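A.B. asks: how does the following fold in three dimensions:
(chains A and B)
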Amino acid sequence: MRNRLRLTVQLLFTIVTNGYMYGFLNGRIYRGGLKYACVPGLNCYSCPGAVAACPIGALQALLNQRGFQIPFAALGVFFVFGSLLGRFVCGWLCPFGLAQDLLHKIPLFKKRKRLPFHRILKYGKYAALILLVCGGSMFLFGGLAKVPAFCKYLCPSGTLLGAIPLLSANEALRGQAAGLFLWKLGILLGILLLSVKVYRPFCQYLCPLGAIYGWFNGFSLVQIQWDQGNCVSCGACERACPAALSLQEISRSPECIRCGKCADACPKKCLHFTGRPWYNSAESQSS
Amino acid sequence: MDFWKNCKPYGWVLGALAGVLFLGIGAVQGQFDVIWKKAVMICLECIGIG
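C.D. replies: Purely as a prediction, here's the structure:
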């Protein structure tokens, strides 16, 4: 039930935030005032349909400026969305997360929740944030200029939502695509193929936005609450968790994307979404 | 120790307020213009051309 609701929210949010149809038809992008604002998820602002800016792209654009300025506008976006929602954004509002979710539903291969060496690989997203998003944007990288290194060398969302639709509709751009485009296309195909077997590999191992929102998971407003008093420790939630988290890690761990599969699986209904982080099991028993 | 434990449930309020403050500072410094200028041009790096 909640899975269907989540899919509906993901689809609607993706359609609304990428609803500039004229762009898809003519190979152009939206240039209106809404692009002063950022969407919460990873959504390339060069997608022909995008009606707002990408928060990671915005962070890089601010770090790319001459001199150094604290990127307050991007930090504000992260703090507001992160404090309210945490990685709920990843589970419910990210278009690239939706693409990976849909691919993981394809009944091919034996499914895996994690890659081997997960304990090491999960730090990849922090490396992408520090080395590519921040380092590449603040320091000289690949030559004599600052470059948005994450967007340029890694971001598969840019290739899927931006490059492929733009290059399909715009012949002038198509003529300029060369080695770098093939590199990014290779990364996209690799991640998409891996998504069929492994649950959200990009979100678990490479997404810098997930690394940022994960930090807020411990204290964000939206949480999945565990009523310990009613729990019979059957383990259904842990088996249902696509990120293979333990009961104690659900919701608070930086890896939890608040998909809600644990809450659906619980036979005693002792896991549920709440907008009250101060709510606890003792309170629930006394009321 | 207890102070921080008691404060944690309200961390989201502090975080959200800090976010609003940061957005305000960013607006005063003209950072949203920088974001808009970047967002309304086709980002050649993003699409693997630049």
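A.B. asks: how near is A:L182 to A:I130?
C.D. replies: According to CB to CB, to the nearest Å, A:L182 and A:I130 sit 27 Å apart. Placement of C-beta: from N, CA and C, glycine included.
A.B. asks: which element follows the one helix or strand A:V77 maps to toward the C-terminus?
C.D. replies: Under the criterion of DSSP states H and E, A:V77 resides in helix A:72-85. Going down the chain from helix A:72-85, the next helix or strand is helix A:88-92, by DSSP H and E.
A.B. asks: quick check: buried residues in that next one?
C.D. replies: Neighbour-count burial for helix A:88-92 flags A:F88, A:V89, A:C90, A:G91, A:W92 (criterion: 16 or more other CB atoms under 10 Å in any protein chain shown).
A.B. asks: what pLDDT is listed against the spatially most central residue of chain A?
C.D. replies: Centroid check for chain A by CA atoms, centre = their mean gives A:C90 as the closest residue, at 4.1 Å. Here, the pLDDT recorded for A:C90 equals 96.
A.B. asks: related to what we said a few turns ago, who touches the helix holding A:V77?
C.D. replies: Helix A:72-85 is touched from outside by A:38, A:40, A:55, A:58-59, A:62, A:89, A:93, A:212-213, A:215-216, A:219-222, A:258, B:11-16, B:18-27, B:29, B:31-32, B:34-35, with contacts defined as CB atoms under 8 Å, 6 or more residues apart in numbering or on different chains.
A.B. asks: against chain B, how distant is A:T274?
C.D. replies: A:T274 sits 11 Å away from chain B, going by CB to the nearest CB, to the nearest Å.
A.B. asks: and that residue, what does it touch?
C.D. replies: Going by CB under 8 Å, 6+ apart, A:T274 touches A:V222, A:Q223, A:I224, A:Q225.
A.B. asks: quick one, phi psi at it?
C.D. replies: Dihedral pair for A:T274: phi -140, psi 150, per degrees, to the nearest 10.
A.B. asks: what bridges to it?
C.D. replies: The partner list for A:T274 in beta bridges (DSSP bridges) reads A:Q223.
A.B. asks: can you tell me how far it sits from A:V9?
C.D. replies: According to CB to CB, A:T274 and A:V9 sit 18 Å apart.
A.B. asks: dump the longest helix along chain B to PDB, restricted to CA.
C.D. replies: Longest helix of chain B, by residue count under DSSP state H: helix B:11-28. This file holds the C-alpha atoms of helix B:11-28, laid out as PDB (Å, rounded to 0.1, in the frame of the first residue of the first chain):
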ATOM      1  CA  GLY B  11      17.600  19.700  16.400                       C
ATOM      2  CA  TRP B  12      15.400  19.900  13.300                       C
ATOM      3  CA  VAL B  13      14.100  23.300  14.500                       C
ATOM      4  CA  LEU B  14      17.600  24.700  14.900                       C
ATOM      5  CA  GLY B  15      18.600  23.100  11.600                       C
ATOM      6  CA  ALA B  16      15.600  24.600   9.700                       C
ATOM      7  CA  LEU B  17      16.100  28.000  11.300                       C
ATOM      8  CA  ALA B  18      19.800  27.900  10.300                       C
ATOM      9  CA  GLY B  19      18.700  27.000   6.800                       C
ATOM     10  CA  VAL B  20      16.400  29.900   6.600                       C
ATOM     11  CA  LEU B  21      19.200  32.200   7.900                       C
ATOM     12  CA  PHE B  22      21.600  30.800   5.300                       C
ATOM     13  CA  LEU B  23      19.100  31.300   2.600                       C
ATOM     14  CA  GLY B  24      18.700  34.900   3.700                       C
ATOM     15  CA  ILE B  25      22.400  35.600   3.700                       C
ATOM     16  CA  GLY B  26      22.700  33.900   0.300                       C
ATOM     17  CA  ALA B  27      20.000  36.200  -1.000                       C
ATOM     18  CA  VAL B  28      21.700  39.300   0.400                       C
END
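A.B. asks: run through the buried residues of helix A:88-92 and flag the ones next to chain B.
C.D. replies: The subset of these within reach of chain B, by CB under 8 Å from any CB of the partner chain, is empty.
A.B. asks: now do the contacts for the nearest residue to A:S220 once chain neighbours are set aside.
C.D. replies: Excluding the flanking residues, the one nearest A:S220 by CB to CB, 6 or more residues apart in numbering or on different chains is A:G86, at 3.4 Å. Contacts for A:G86 (CB under 8 Å, 6+ apart) come out as A:Y213, A:G214, A:F216, A:N217, A:S220, A:V222, A:Q223, A:R258.
A.B. asks: just to revisit the earlier point, got a winner among the contacts of A:T274 for most neighbours?
C.D. replies: A:Q223 (25 neighbours; other CB atoms under 10 Å in any protein chain shown).
A.B. asks: so how far is B:F32 from that one?
C.D. replies: A:Q223 sits 31 Å away from B:F32, going by CB to CB.
A.B. asks: any residues touching stretch A:228-242, and which ones?
C.D. replies: Residues from elsewhere that reach stretch A:228-242 (CB under 8 Å, 6+ apart): A:104, A:113, A:199-200, A:244-247, A:250, A:259, A:261-271, A:281-282, A:284-285.
A.B. asks: and stretch A:20-27, which residues are buried?
C.D. replies: A:Y20, A:G23, A:F24, A:G27.
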